[in-house]
Every structure is written in C-alpha cells, then in structure tokens.
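Engineer: next one to model:
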Amino acid sequence: MKKKKRRILVGVQSGREAADEAIRAWKRAEQGLAPEEPIDRLFFADMTTLFRYLSPKRVELS
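Structural biologist: Below is the predicted model:
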C-alpha cells in the first residue's frame, strides 16, 4: 500500500495575522459560504523561533 505524501505549510505569522484569518473564516461562515480547503500549517511568531525548532537542514529537506 502506497503512503500518501503529506504537505505542511511552515512559516512565520504574527498573532494579528492569525486573528485576521480567523475573522475571515468566521465571516465566511456567517455568509453561509463553505469553508476554504483546509491546509496543514505550522506557524511561528518569528524566524528565530522557527529555527530553534526546525534546523536549517530540515527546512532544506522540505
């Protein structure tokens, strides 16, 4: 059985950007619109924190 490859979007996002995204999703729901296609995501507050948990070599492999 072939394993399905999983993709994860990794990046830097501020708390404000995360809140704005949640507000947009809420407004879509209020309008009766279907949610956007889900994306597996992992965001960090800044590049320093990102590289504390994900080494440059791991980022390169992705």
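Engineer: following element in sequence after the helix or strand harbouring Ala18, please.
Structural biologist: Assigning secondary structure by DSSP states H and E places Ala18 in helix 15-30. Toward the C-terminus, helix 15-30 is succeeded by strand 41-44 as the next helix or strand (DSSP H and E).
Engineer: mind listing what's buried along the helix or strand following that following strand?
Structural biologist: Tracing the chain C-terminally past strand 41-44 and defining elements by DSSP H and E, one meets helix 47-53 next. By 16 or more other CB atoms under 10 Å, the buried positions in helix 47-53 come out as Leu50. Just so you know, the C-beta spots here come from the backbone N, C-alpha and C atoms, and that holds for glycine as well.
Engineer: give me the contacts around stretch 40-54.
Structural biologist: 6-15, 18, 59 (CB atoms under 8 Å, 6 or more residues apart in numbering).
Engineer: 10 Å instead?
Structural biologist: For stretch 40-54, the external contacting residues (CB atoms under 10 Å, 6 or more residues apart in numbering) are 6-15, 17-18, 21, 58-59, 61-62.
Engineer: do the same with stretch 15-22
Structural biologist: 11, 13-14, 36, 41, 43, 45.
Engineer: please redo it, this time with the cut-off set to 7 Å
Structural biologist: Residues outside stretch 15-22 that contact it (CB atoms under 7 Å, 6 or more residues apart in numbering): Phe43.
Engineer: how far does it sit from the chain's center?
Structural biologist: 11 Å (CA atoms, centre = their mean, to the nearest Å).
Engineer: tell me the contacts of Ile39?
Structural biologist: Leu9.
Engineer: distance of the residue nearest to Arg28 when sequence neighbours are not counted from Lys4?
Structural biologist: Once flanking residues are discounted, Arg28 sits nearest to Pro35: 6.6 Å by CB to CB, 6 or more residues apart in numbering. Separation of Pro35 from Lys4 (CB to CB, to the nearest Å): 22 Å.
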